[in-house]
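Undergrad: using only what follows, build the 3D model:
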Amino acid sequence: MNSFEINKIITAILVTILVVFGIGKISNIIFDKDDKNIVAYKVEAPEGSSVQAKTSESSLDINSLLAMGSIEHGEKVFKKCKACHSIKQGGGNKIGPKLWNAMFRPVGAITDYKYSKALSSYGKEWSWEEMNGFLIKPSSWIKGNKMGFAGLKSEKDRASVILYLNQNGDNPKPLP
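TA: Got it, this is the predicted structure:
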């Protein structure tokens, strides 16, 4: 092997290393933002889009939404929630607050649970409409809350969970 071939091999290795590191540096320059903790760019749905229209549509007609659900189906769907929430009377907090008597109590009202600032300062109560909106997508309904649940897209599932939560309280409210 002569020195010319060795030079070609060394040059190929060096060029490959420069290309690999160079692409990383160039992409950092192109996509650099002021906040260094951004992992992805957030894309909001434009106003009047079908997603927002569907959300406001379902929250307007709560009577027909609740008619879609059943307490029995709500108990099945609520199994997703049991990993983080207790529904038993006298049950304790888990990762999330206990949900006995959750309907029509103020948001962030459990004194022995540390809520996020967003939920503590929300200032509303868990009405039919509030619970429905929250269950669609918690992170969008109350911005800044720490609940990591993606939400329930199915109207029947949401209605059933709301009916189940209403049933699991000291004084279940009559349907609107």
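Undergrad: quick one: classify Ala12 as helix, strand or coil.
TA: Counting by DSSP: H, G, I helix; E, B strand; the rest coil, the backbone at Ala12 sits in helix.
Undergrad: can you pull out the helices in this protein?
TA: 3-31, 50-60, 62-67, 71-77, 117-120, 128-136, 138-141, 155-167 (DSSP state H).
Undergrad: which parts of the first one are buried?
TA: Judged by neighbour count (16 or more other C-beta atoms under 10 Å), helix 3-31 contains no buried residues. C-beta here means a position set from N, CA and C on the backbone, and glycine is covered the same way.
Undergrad: and for the last one?
TA: For helix 155-167, the buried set under the neighbour-count rule, 16+ other C-beta under 10 Å, comprises 155, 157-166.
Undergrad: which helices and strands does it pack with?
TA: With contacts taken as 3 or more C-beta pairs under 8 Å, 6 or more residues apart in numbering; DSSP states H and E, helix 155-167 sits against helix 62-67, helix 71-77, helix 128-136.
Undergrad: packing partners for the longest one?
TA: Under the contact criterion of 3+ C-beta pairs under 8 Å, 6+ apart, the helices and strands touching helix 128-136 comprise helix 50-60, helix 62-67, helix 155-167.
Undergrad: same question, the second one
TA: Contact analysis of helix 71-77 by 3+ C-beta pairs under 8 Å, 6+ apart lists helix 155-167 as its packing neighbours.
Undergrad: I'd like the buried residues of helix 155-167 as a markdown table, with distance to Leu18 and pLDDT appended.
TA: Below are these laid out as a markdown table (distance: C-beta to C-beta, whole Å; pLDDT from 0 to 100):
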| residue | distance to Leu18 | pLDDT |
| --- | --- | --- |
| Glu155 | 56 | 93 |
| Asp157 | 54 | 94 |
| Arg158 | 55 | 94 |
| Ala159 | 60 | 94 |
| Ser160 | 59 | 94 |
| Val161 | 56 | 95 |
| Ile162 | 59 | 95 |
| Leu163 | 63 | 95 |
| Tyr164 | 61 | 95 |
| Leu165 | 60 | 95 |
| Asn166 | 65 | 94 |
